[in-house]
Each structure stands twice: as C-alpha cells, then as structure tokens.
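**Student:** 3D, please:
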Amino acid sequence: MIQESKTIEEKFGVLDSVPVGACLLRDDFVVLFWNACLEDWTKIPRDQMLGTKITTHFPHLSQLKYATRFQQIFAGGPPTIFSSQIHKHLIPATWQDGQQRIQQTTVTAVPALSPGVAELDIAGLARSTADLEPEGTVRQAEAVGSEAPSNIRTSFSPYGFVTSNCQSFYALLVIQDVTDLTHRIQAYRTMRDQALEEVEVRQRVEEELRSSQHFIQQIADAAPYLLYIYDLTEQRNVYVNGQAFKLLGYHPEEILQMETALFSSLVHPDDLEKVSAHLQKFPKAQDGSILELEYRLKHRSGEWRWFRCRDQVFARTASCDPKQIFGTAQDITEYKRAEEALRQQNERELLMATITQHIRQSLDLGEVLGTTVTEVRQFLQADRVMIVRFNASTDSLCAAPPTGAVTVESVALNCKPMLGETLENFCFEDFYLEAYQHRAIRPVADVSTADLPPNQIDWLAQFAVRAYLVVPLVQGDELWGLLMAHQCRPRQWMQLEVELLSSLATQLAIAIKQAELYQQLQAANLKLERLATLDALTQLANRRRFDQYLEMEWRRQAREQTPLSLILCDIDSFKSYNDTYGHPGGDECLRQVAWAIGNAVDRPADLVARYGGEEFAVILPNTEIQGAVRVAEHIQLKISALQLPHAGSQVSQYVTVSQGVASMVPAFESGASILIASADRALYEAKRLGRDRIQVYQPDPACTKTNGTGAPVHPVEFSKAQH
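**Tutor:** Predicted coordinates:
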C-alpha cells in the first residue's frame, strides 16, 4: 500500500497544479489520490482522505445509480460524465458565498499501476475529459484504430491504451466547477427577460434603430434562440433569425418560403390545436403582455425538438387590432428529456412501491401470486398476466423434457383462460433456461415476425397471443418460475415496463421465498402444537390439552348457560395387569382401551384425553347427565367387546373400567375444578362399590342451584348387571 501510494503520487502529482478537482479511486472505492484543488473545495485534508473509502465521506456515492457506473469504469469501460444538470454535487463542496458548487464530473478508467500509466499525459487526460458531451460515453469503436485479435478479450480507453480483461483499473474523477458559468447563464436569462419586458417602453425611442434591419440582424443572429415575427393577418412568418439553421436545420429563407404551410410542415400534429389556441389569445392581449407556450418542431433530420416560446404583440393595424407578434423560442429538448426521464423514474418507483407493498401485505403464497398478476396486468393494461411455476423435473440435467404449469393468472374477459395449462418445451430449452437463470428478460413485440420455434407459435395461436413479455423469477441460483404478460395484438414493450417488471421480479422472488418459509413454519408449528397436546402412547389428547379444553368449554358454557359433562375412566386392577403381563403388555392394553373409548365418542366437539396413568377423561360440551351416561355405557360396551384377558382382575377375566360421571351448568364465579372433583368422587364411589360400573354424581335435588355451585350429593350407581 505504501509503495502504491508513492507510485500514485509520482504519477498523478501533476494534477495538484490544475484548477480542477482530481480524485483517483481504487475498485473498492478507496481514495488513492486527492489533489490540492479538492482539499481547498471540500476542506478535507488529503491525509484524511487517502486510504479511506470515498463513500465514508460521501455516502450518496454508494447509491446504485453511481455504483453501477463506477463499476463499469473499474472494468475498463469508456469514460462517463455526470453532468451539472443532473448531478450538481457529485463531491459536495462549498463556494465562497456558502452555496454548493455546481460541478460537471468526468470519470475515466486508468490502468492500475501498469507501465502504460507512465506514458500517459495525466494533465492532458484531465483537460481532454472536458471535451466529452454531458452524460456521454466514448464508444469502443472510436477508442482505438486497430482491431484486437479475435482470441483475446480487450478493454479500450479513449486515450489509446489497450489492456486485457484481467487488467484492473482505477477511476480518475476530474471535476470542473461550473458554478460561475451556471450563474452567469442564469443572470443572462434574467437580463434577456428584462430586456423583453423593456421592449414596450423603448418601442418609440428605438423606432429608428429597429428600422435598421442590418443592425437588428446582427443582434438577432447572435442570440442563442429563435427570434421571429409572425403576421397574424397573413398567417406566415415575415422574419426569422439565423439561429433557425442551427436549431432546426433550415435557412431563414426556407422557413419564410413555407408561408401559410409553416405550421403543418414543422409543428407536431399533436401540438397544432394548442398552437392555434395560443394565436387566438392575441386579439385580447395587452401591449407588453407576454404569452408563453411549449410545443414541438421538426428538425430537418426528422427529429422532434421541444421549444418554449414567449410572444407579444409587435405591431397593430390602424384599428388597433394585433397584426404582428414578436417571439423568441428556446430549445428545451434536453430539459424535456431529463424531465421525462425523471417522471418515468418517479412513476416507476411509485408503482414499484405500491405493487411491492401489496405483495408483502400477505404471507400466503397464493395471495401473493394473485396480487402480483392483478397489479401487473392493471399497470401494463395487458390482456393476460400469469405466473408459470417450473416442475421439479425442469432441471436441464434431467432426461425428461422440462415443463411448467400456469399457477395463477389475471386475464381479460374476452381472452381464453390458461389457468392449469401445462407448458411443455415452451422457452424451456437449455439455452433459455440458462439465460433466465441470469435474469434475462425476453420481450416479443410481434409473434409473427419473431424468430420462434413452430411449436411455440402454434401454442400461442391457441390463445390468440400476438405479443408477450417473459421475466424470470430467480431465487438464488434456482429458477423458480416465469412471470409472463400476453397481448392479443402486436405491442412494442416500453423500456419502463421492462425495467419495472425486472425490479418487481426480484421483489416477488423474495416474497415467494418468505411465503414458502412461512408455510413451512406454519406446518412445523402445527406439528409442534400437535406433539405438545398429544399423548405419545395412546395418540389421544394429553393432560395439558385436557386442561386447556376444559377451561375453554367451562367459560363458553358459562356464557351460554348450557350443561357441561365429564366422564373419568379408570382401568380396574391395572397394577395387577402390569405385574402379570409386563409393562409392554400394559402399554398395549392402554392403546386398546384408548382406541375403544375414542370410538365410543363420535361428536367433533367431544374430547377424549389420557388423564394420567391408566385414567382417561371425556369432556362432553352442551351435554346433560342422561347423555353423558349413554356415552359412558357405550364406552363400557366397546371395552367389553375387546375381550382383553386380565388374569389378575378381581372382578372379571377380561379388562374392565370404572367410570365416574358428573354434569353441571358452569358459573363464572366457580372454576372447572369443581366438575373434576365431582367426577373424581363418582369414580371413587364406583371403585369402592366393586369396580366395573358407572357412577353418576350430580347436585342435590333439594338445592336450587344448578350452575356448579350447589353441593354435589346422592351418587347414583349404574353397574354392568343393570345393563
């Protein structure tokens, strides 16, 4: 780095003596040279700049509009100019009056520390950059006089050196201060306007001076804009200054010879109506009042150029009606182009933000894709916009032909839908797939004149497609699918539309990835939730789920004042079963009993849970005691039908269960634990009375409360013998 800095100082030190700013950047945006002029302008010493990234001091240079153009320079591209009209303050610096300097900056690629640098006239290089047109670049064909060998890729410089594509380059910034020039131009325009305003006052005083046509001609031809006199009664120009040739390519005599055909020959057809309306304002115009208008005139080359005219009454008839108007017309074509470019950029950013916001409002993949095709079709005013998703077999390495399916579409009413259509070999050849993976966009203005394979033409004809635009949807290195727009008539796709869809495709790919990740997360969460609420052995709800569901139903039944019932089941003598058949046999018994209880309960709102060990519970919302008893009886029959041997049982040779049933109308002031306690007490009674039976526990009939607050007494037994 020290040797590099020393060498650069030797090569570029001469730029300290030039009256322009000079800065040398490495391809990582590190400042290698900062001349004295920039030190004076920016008040940033050289030692603070050298070795640091220029974006540290001027963060705006990291913006895409600058970074992209700098990367072209670092790659050895032709010089580029940041004009003072668009980029006024590339390197912000303060003028003496405290205002920002207005700058025009030229950036040139310079080979990095190569022998070729030593022969460069660095000062001449800095001076020559001023000859480039604003926002222009030097074409490679003009940069060198001989053609490079076909087997060597080369980079060209406008100053005569040629380097291989492995050569690294510096970016040399040469910054001209055009503040004073800009202010002088503005002052000149102000003086010009003031001079026009003084015409009325000085008309009589300068009558004899204006009669000298030779003198007027000399002044008029020196003005940088059109001067003309138009006769309203004769409907023709009677005078045009010499600037007509420079601005329109016609000699003044040629324009005068056009006479009444002037407007139809030169004015843009779309502007004829407003020019006519402009002329109709003069009969009511006061002397000295200036009327302005912007319109287009055709250059001899065929190019349409914009002009801003400022007209006023120049002469009147004896009856004081306007006869002639005097006007100036300034060429504002470049201003209009810049204005249009800015308008398109603003429109693109606004549309991009709107569509992106709509896309990102949902994490549902179907909704994201549906919103995209709807918004894009509305923006493009296309007949169809659809998304084609590649099938898994579309990898170019697969033997099977690649295919894709129309996943979602937005289509006009008069067009044949394509939703669900499978596209085979449509732009899916290896050539296209590789291009799409590099985000290549393919606009086709007219299918009939495009070089398309016959199978594509036939397939498009089925759906009356005459023009289409294909934008790839890429996620990392993977080609996810295609965003396609169709038109049923030939259509020339605008650059703004192509750029917007390109930017949108990047945002859509991110949204698709987010939606897919969200779906995976949802599935994982559901699986985790299921695992968290499921008993691993019996596949019934676990105790946690039982507690949650009982509490929820208790509150709901309390609001609706409907009964809630609970059944607690316990396998009789289960410890003896484990001792006799072992724990694996006990586990199988639990699974069989769980299956039988689950089959005995058939309402979706009912919940069967493993309450603990060999105990099971059944929650029965909106169920009175009689209904709960019927469910308990059904459970007893299902378990009896299993005929599971139980040699250690004290009541039967088969597995049996004891059940406690409780039912009540919940109340907000009491908790669900009162229902559990009631069912548990009924279960205890069933076991105490000999097992293999159903015991009901309900409130004392003498108590008037039936909402869970009354004292539960009088258990009722339902043994198997009774059934």
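
**Student:** count the residues that sit near the closest residue to Ser448 other than its chain neighbours.
**Tutor:** Of all residues not flanking Ser448 in the chain, Arg466 sits nearest, at 7.3 Å (Cβ to Cβ, 6 or more residues apart in numbering). For glycine as for every other residue, the C-beta is placed from the backbone atoms N, C-alpha and C. A count of neighbours around Arg466, defined by other Cβ atoms under 10 Å, yields 18.

**Student:** so Arg466 touches Gln487, yeah?
**Tutor:** Yes. Look at Arg466 against Gln487 with Cβ atoms under 8 Å: they come within range, at 6.1 Å.

**Student:** so where do the helices sit in the stretch 201-350 of the chain?
**Tutor:** Assigned by DSSP state H, counting those that start in this stretch, the stretch 201-350 of the chain shows helices spanning 207-210, 213-222, 243-248, 252-258, 262-266, 272-279, 333-359.

**Student:** alpha carbons only: can I get stretch 576-585 in CSV?
**Tutor:** Extracted in CSV, the C-alpha atoms of stretch 576-585 (Å, rounded to 0.1, in the frame of the first residue of the first chain):
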residue,chain,number,x,y,z
SER,A,576,-52.0,-56.4,38.6
TYR,A,577,-52.2,-56.3,34.8
ASN,A,578,-48.7,-54.8,34.6
ASP,A,579,-47.4,-57.4,37.1
THR,A,580,-49.0,-60.2,35.1
TYR,A,581,-48.3,-59.2,31.5
GLY,A,582,-45.3,-56.8,32.0
HIS,A,583,-45.1,-53.2,31.0
PRO,A,584,-45.1,-53.7,27.2
GLY,A,585,-48.3,-55.7,27.6
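
**Student:** what residues does that stretch touch?
**Tutor:** The contact list for stretch 576-585 (Cβ atoms under 8 Å, 6 or more residues apart in numbering) reads Ile571, Gly586, Cys589, His646, Ala647, Gly648, Ser649, Gln650, Val655.

**Student:** give me the pLDDT value at the fifth one.
**Tutor:** Taken from the predicted model, the pLDDT recorded for Ala647 is 91.

**Student:** then Ala141?
**Tutor:** On pLDDT, Ala141 comes in at 37.

**Student:** quick check: longest strand of the protein.
**Tutor:** In the chain, with assignment by DSSP state E, the single longest strand is strand 304-316.

**Student:** got the buried residues for that one?
**Tutor:** Of the residues in strand 304-316, Arg305, Trp306, Phe307, Arg308, Cys309, Arg310, Asp311, Gln312, Val313, Phe314 count as buried by neighbour count, 16 or more other Cβ atoms under 10 Å.

**Student:** re the thing from before, let me have the helices of the stretch 201-350 of the chain in a markdown table, extended by mean neighbour count.
**Tutor:** As requested, the helices of the stretch 201-350 of the chain are exported to a markdown table (neighbours: other Cβ atoms under 10 Å):
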| stretch | mean neighbour count |
| --- | --- |
| helix 207-210 | 10 |
| helix 213-222 | 12 |
| helix 243-248 | 19 |
| helix 252-258 | 16 |
| helix 262-266 | 15 |
| helix 272-279 | 13 |
| helix 333-359 | 14 |
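
**Student:** I'd like to know which of the ones you listed is closest to Arg544.
**Tutor:** Closest approach to Arg544 among the helices of the stretch 201-350 of the chain (Cβ to Cβ): helix 333-359, 38.7 Å.

**Student:** can you give me the end-to-end span of stretch 309-327?
**Tutor:** End-to-end distance for stretch 309-327, by Cα to Cα, to the nearest Å: 6 Å.

**Student:** picking up where we left off before, buried subset of the contacts of stretch 576-585 as a ChimeraX selection?
**Tutor:** With 16+ other Cβ under 10 Å as the criterion, this ChimeraX line picks the buried residues out of the contacts of stretch 576-585:
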select :571,586,589,646,649,655
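
**Student:** just give me the closest of the contacts of stretch 576-585 to Pro79.
**Tutor:** Within those, the smallest distance to Pro79 is 87.0 Å, found for Gly586 (Cβ to Cβ).

**Student:** for the closest one, give me its contacts.
**Tutor:** Neighbour list for Gly586: Phe574, Tyr577, Asn578 [criterion: Cβ under 8 Å, 6+ apart].

**Student:** who wins on neighbours among those?
**Tutor:** Greatest neighbour count in the contacts of Gly586, by other Cβ under 10 Å, goes to Tyr577: 23 neighbours.

**Student:** quick one on the thing from earlier: so which of the contacts of stretch 576-585 sit within strands?
**Tutor:** Counting by DSSP E, the contacts of stretch 576-585 place Ile571 in strands.

**Student:** between the contacts of stretch 576-585, which is closest to Ala112?
**Tutor:** Of all the contacts of stretch 576-585, Gly586 has the smallest distance to Ala112: 80.3 Å, by Cβ to Cβ.

**Student:** kindly provide the distance from that closest one to Asp579.
**Tutor:** Separation of Gly586 from Asp579 (Cβ to Cβ, to the nearest Å): 9 Å.

**Student:** just checking, what's the longest helix in the chain?
**Tutor:** The longest helix of the chain (DSSP state H) is helix 495-532.

**Student:** how about that one, which residues are buried there?
**Tutor:** Neighbour-count burial for helix 495-532 flags 497, 500-501, 503-505, 507-509, 511-512, 514-515 (criterion: 16+ other Cβ under 10 Å).

**Student:** quick check: next helix or strand after it?
**Tutor:** helix 543-560 (DSSP states H and E).

**Student:** quick revisit: adding distance to Leu537, write the contacts of stretch 576-585 out as a markdown table.
**Tutor:** Output for those, formatted as a markdown table (distance: Cβ to Cβ, whole Å):
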| residue | distance to Leu537 |
| --- | --- |
| Ile571 | 13 |
| Gly586 | 10 |
| Cys589 | 11 |
| His646 | 19 |
| Ala647 | 23 |
| Gly648 | 21 |
| Ser649 | 21 |
| Gln650 | 25 |
| Val655 | 16 |
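
**Student:** which of the contacts of stretch 576-585 sits closest to Asn391?
**Tutor:** Among these, and counting by Cβ to Cβ, the member closest to Asn391 is Cys589, at 48.8 Å.

**Student:** show me the contacts for that closest one.
**Tutor:** Here Cys589 is in contact with Ile571, Phe574, Tyr577, Tyr581, Leu644, Val655 (Cβ under 8 Å, 6+ apart).

**Student:** report the buried residues of the helix or strand hosting the third one.
**Tutor:** Going back to what we said before, that points to Tyr577. Element membership for Tyr577 (DSSP H and E) is helix 574-600. Neighbour counts over helix 574-600 (16+ other Cβ under 10 Å) mark 574, 577-578, 581, 586, 589-590, 593-598, 600 as buried.

**Student:** ok so, going back, what about the longest helix of the chain, distance to the chain center?
**Tutor:** How far helix 495-532 lies from its chain's middle: 13 Å, per Cα atoms, centre = their mean, to the nearest Å.

**Student:** ditto for stretch 180-190
**Tutor:** Distance, centroid of stretch 180-190 to centroid of chain: 42 Å (Cα atoms, centre = their mean).

**Student:** show the average pLDDT along it.
**Tutor:** For stretch 180-190, mean pLDDT is 83.

**Student:** same deal with stretch 355-375?
**Tutor:** 77.

**Student:** list the contacts of it.
**Tutor:** Here stretch 355-375 makes contact (Cβ under 8 Å, 6+ apart) with 354, 376, 379, 385-387, 407-410, 483, 504, 507-508, 511-512, 514-516, 518-519.

**Student:** check which helices and strands the strand or helix carrying Thr55 sits against.
**Tutor:** In this structure, Thr55 sits in helix 54-57 according to DSSP H and E. Applying 3 or more Cβ pairs under 8 Å, 6 or more residues apart in numbering; DSSP states H and E, we find helix 54-57 packed against no helix or strand.

**Student:** let's number from 3 now, not from 1
**Tutor:** Sure, I'll start numbering at 3, so the last one becomes helix 56-59.

**Student:** list the helices and strands whichever helix or strand comes after that helix packs on?
**Tutor:** Later in the chain than helix 56-59, the nearest helix or strand by DSSP H and E is helix 66-76. Judged by 3+ Cβ pairs under 8 Å, 6+ apart, the packing partners of helix 66-76 are strand 82-84, strand 105-113, strand 171-179.
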